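# Build me a model:
(chains A and B)
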Amino acid sequence: GAVVSQHPSWVICKSGTSVKIECRSLDFQATTMFWYRQFPKQSLMLMATSNEGSKATYEQGVEKDKFLINHASLTLSTLTVTSAHPEDSSFYICSAPRWGATTNQPQHFGDGTRLSIL
Amino acid sequence: GENVEQHPSTLSVQEGDSAVIKCTYSDSASNYFPWYKQELGKRPQLIIDIRSNVGEKKDQRIAVTLNKTAKHFSLHITETQPEDSAVYFCAASINTGNQFYFGTGTSLTVIP
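Numbers count the residues shown, from 1 in each chain, chains lettered A, B, ... in the order given. Just a heads-up that it's a prediction; the model follows:
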C-alpha cells in the first residue's frame, strides 16, 4: 500500500489563485521530502528538498517565492504555488526516503497532484 | 548538479523479445541508481536499483548493469509482456543528499 499520501489529486483553479499541496508520510517519519514537477511526456524535474525544521533547498531556476515549501512536522510537507498562472499547470509529485537520512535508498512517491490553471 | 541522459526516448518490441534502456550520468560522486516504471498519471514505482559497489543485479526478468568507469548503467527486460508497456525512468543519486536526478524517460511499448 501507499506509504506517502499526496492531496489533492487534481486541482482546477483560476489564474492568480494560490494552491496548497500536501505530502504526508503515512507510517514513518520523513525529515526530508522532495518535490518534483512533471510536464506531459517529460521527466520528473527535482524542484526542491524539503527539510523538517529548516528552510527548503531549491534547485537552480526554481523560484522560491513562487513555490513555497513548509515542512511543519516529521510527517507533513506542503508546497504552495503562489499566484498560479497557466504556465504553472503541471503534475506535481512528492517523495520521501523511508529511512530518514540514510543514503542510497529508494524514494516512495505520492500519487501526484495534477494542477490546471485556467 | 547531476545530469542524467537516457536513450532511447521510445522503444517498441515484440512480446517475448528483450528491451534495453541506457542511461549515462555526469557526476562521478553518484553512487545509487534506481529504475522506476510509471504508468500514465500514476506514481513512479521502483522496479530495481543498483549501488555503485555492484556491477550487475538481477530480479527475475529485470536486470541492471553499471559501468562506473564509463558512467553509464542499463536496464534489461527479458521476455517482455504487454504489461511491461509504460514509461521507464532511470535516476542517479549522490550519497550526501538522497536527491534523485531523473533521466528523460523511455516510453516502452510491447506489441502482443
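# in the helix or strand that contains B:F89, what's buried?
Assessed by DSSP states H and E, B:F89 sits inside strand B:86-94. Across strand B:86-94, burial judged by 16 or more other Cβ atoms under 10 Å in any protein chain shown covers B:86-94. To be clear about C-beta, it is placed using only N, CA and C from the backbone, and glycine gets the same treatment.
# Give me the buried positions along stretch A:96-110.
A:96-98, A:100, A:103-110.
# which one among those gets closest to B:A63?
A:P106 (17.1 Å; Cβ to Cβ).
# Nearest residue to that closest one in space, please, no chain neighbours.
The spatial neighbour of A:P106 that comes closest, neighbours along the chain excluded (Cβ to Cβ, 6 or more residues apart in numbering or on different chains), is B:L46 at 4.6 Å.
# ok, the one you found touching B:P34?
Yes - using Cβ atoms under 8 Å, B:L46 makes contact with B:P34 at a distance of 5.7 Å.
# Can you check which residues contact both of these two?
Between them, B:L46 and B:P34 share these contacting residues under Cβ atoms under 8 Å, 6 or more residues apart in numbering or on different chains: A:106-107.
# Can you pick out the residue with more neighbours from those two?
Using other Cβ atoms under 10 Å in any protein chain shown, the more surrounded residue of B:L46 and B:P34 is B:P34, with 23 against 14.
# The helix or strand bottoming out on mean pLDDT in chain B - contacts with which helices or strands?
None of the helices or strands of chain B scores lower by mean pLDDT, DSSP states H and E than strand B:100-102, at a mean of 90. Contacts defined by 3 or more Cβ pairs under 8 Å, 6 or more residues apart in numbering or on different chains; DSSP states H and E place strand B:100-102 against strand A:44-51, strand B:86-94.
# hey, C-alpha coordinates of the helix or strand just after that strand in PDB?
Counting by DSSP H and E, the next helix or strand C-terminal to strand B:100-102 is strand B:106-111. The C-alpha trace of strand B:106-111 is given here as PDB (Å, rounded to 0.1, in the frame of the first residue of the first chain):
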ATOM      1  CA  THR B 106      11.700   5.900 -22.200                       C
ATOM      2  CA  SER B 107       8.300   5.000 -23.400                       C
ATOM      3  CA  LEU B 108       8.200   1.200 -23.900                       C
ATOM      4  CA  THR B 109       5.500  -0.400 -25.900                       C
ATOM      5  CA  VAL B 110       5.300  -4.200 -26.000                       C
ATOM      6  CA  ILE B 111       3.400  -5.400 -29.000                       C
END
